[in-house]
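Enquirer: my questions are about this predicted structure, shown below with the sequence.
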Amino acid sequence: MNDNNIQGKIFKKIREERGIKLKDAAGTAISARTLIRFEADETSVTLEVFDQLLKNIGICYQDYFSEYLPLVEEDDSGFLKEANTLVESGNYSAIKTLAIKTLERKNISMATRLYIEQYLGMLQEQMIPKIILENRKYVLEYLKKMDKHTKNELLTLTLMLRVLTEEQLPVEFVRRLIDETLEPVGIGDMFSIDKGERAILTLHGAIAYLSRRGYVEEAEEKCLKAIELLKTNYSKLTHFNFHINSFYFILVQIQLRLNKPEGVELANKCIRLLDTQINLYNMQSDILARDRLVKSFYERNKTGVDFEF
């Protein structure tokens, strides 16, 4: 068996944690001897048998993958692990150096390329060497070919939207991305909820991108649709309040760009909301968000109507 296989070991961990004996876990699905070999990752089992084994220990696929997925290393280059370590130590400037070093190797997987773009997108790095620009172009061409995107691809696009120009990212592709993410994702389990969260984050970035590039009326239309989508389909999302507040913050700036007086009233409501959160929680992130939004709102307000803050 492949040394990277850990399916059996994870099954054994869950079984033992639940106090279930080997023979009871095996049941009539396989022999106890075969289960011992499976738990040692010395042999594999069919999907039908694995399904029965999960039932025998009283768990579902969602329970199993909640243990399995965090241990699966998609990035075989080591970039993700090293980048996480640098972030934890606060050494953000070294991430670009790490990205260059990683890209200089041969046979870089697409998973690694995506992770590199995610980290550089978070940093919004301005001074980009040729090797990173080439990776960005390669990743973008790959993503543009996809009719539907995985949750990891959506996260990559979300972060790339922060740094790409219209020449690099045609508005037609952004429109297609918005249409894709405006299609509701069923959120019946933890995996679909995660994809729903990432789809909404992509909508944030794509709509803001449209507005920045001058397609302001179109951005307003899409933003209103996104808010309605969130209310009707995503009310169970863990970060629902964060998402809907973010869309309203974007909508304020769009409506102020369009010189709509309702944008002023909405801005007043948004700042009152943040003031309430600051008074209640006194979180530095809320204080910084308020300062940033107030500055942005005042810069865009040409309506002649004064704010209440």
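Expert: Arrived safely, thanks for sending.
Enquirer: which stretches of this protein have low pLDDT?
Expert: Scanning the chain for pLDDT under 70 picks out 1-4, 70-74, 126, 188-191.
Enquirer: phi first, then psi, for the nearest residue to K302 once chain neighbours are set aside.
Expert: Nearest non-adjacent residue to K302, counting by CB to CB, 6 or more residues apart in numbering: N259, 5.6 Å away. For glycine as for every other residue, the C-beta is placed from the backbone atoms N, C-alpha and C. Main-chain dihedrals, N259, degrees, to the nearest 10: phi 60, psi 40.
Enquirer: and the nearest residue to A289 once chain neighbours are set aside, what is it in contact with?
Expert: With sequence-adjacent residues excluded and distances taken as CB to CB, 6+ apart, A289 is closest to L274, at 6.4 Å. L274 makes contacts with 286, 289-290, 293, as judged by CB atoms under 8 Å, 6 or more residues apart in numbering.
Enquirer: where do the helices sit along the stretch 51-200 of the chain?
Expert: Using DSSP state H, counting those that start in this stretch, the helices of the stretch 51-200 of the chain run over residues 61-68, 79-89, 94-103, 110-123, 130-144, 151-160, 171-181, 190-212.
Enquirer: which other helices and strands contact the longest one?
Expert: When contacts are defined as 3 or more CB pairs under 8 Å, 6 or more residues apart in numbering; DSSP states H and E, helix 190-212 packs onto helix 61-68, helix 151-160, helix 171-181, helix 216-233, helix 240-257.
Enquirer: repeat that for 6 Å
Expert: helix 151-160, helix 171-181, helix 216-233, helix 240-257 (3 or more CB pairs under 6 Å, 6 or more residues apart in numbering; DSSP states H and E).
Enquirer: nearest to K269, out of the ones you listed?
Expert: helix 240-257 (7.8 Å; CB to CB).
Enquirer: return the set of buried residues in that closest one.
Expert: If you call a residue buried by 16 or more other CB atoms under 10 Å, then helix 240-257 has these buried ones: 243-257.
Enquirer: same question for stretch 174-182.
Expert: Buried residues in stretch 174-182 (16+ other CB under 10 Å): 174, 177-178, 180-181.
Enquirer: with just CA atoms, put that stretch into CSV.
Expert: Below are the C-alpha coordinates for stretch 174-182, written out as CSV (Å, rounded to 0.1, in the frame of the first residue of the first chain):
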residue,chain,number,x,y,z
VAL,A,174,-16.1,38.0,-13.5
ARG,A,175,-19.7,38.1,-14.7
ARG,A,176,-19.6,34.4,-15.3
LEU,A,177,-18.2,33.9,-11.9
ILE,A,178,-21.0,36.0,-10.3
ASP,A,179,-23.6,34.0,-12.2
GLU,A,180,-22.1,30.7,-11.0
THR,A,181,-21.9,31.8,-7.3
LEU,A,182,-25.5,33.3,-7.4
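Enquirer: off-centre distance for it?
Expert: Its chain's C-alpha centre and that of stretch 174-182 lie 15 Å apart, by CA atoms, centre = their mean, to the nearest Å.
Enquirer: and the contacts of L274, which of them are buried?
Expert: Buried, going by 16+ other CB under 10 Å: 286, 289-290, 293, out of these.
Enquirer: and these, which two are furthest apart?
Expert: Among the buried ones among the contacts of L274, D286 and L293 lie farthest apart (CB to CB), at 10.4 Å.
Enquirer: returning to what we had before: ok, so of the buried ones among the contacts of L274, who is nearest T102?
Expert: Lowest distance from T102 to those (CB to CB) belongs to A289, with 33.0 Å.
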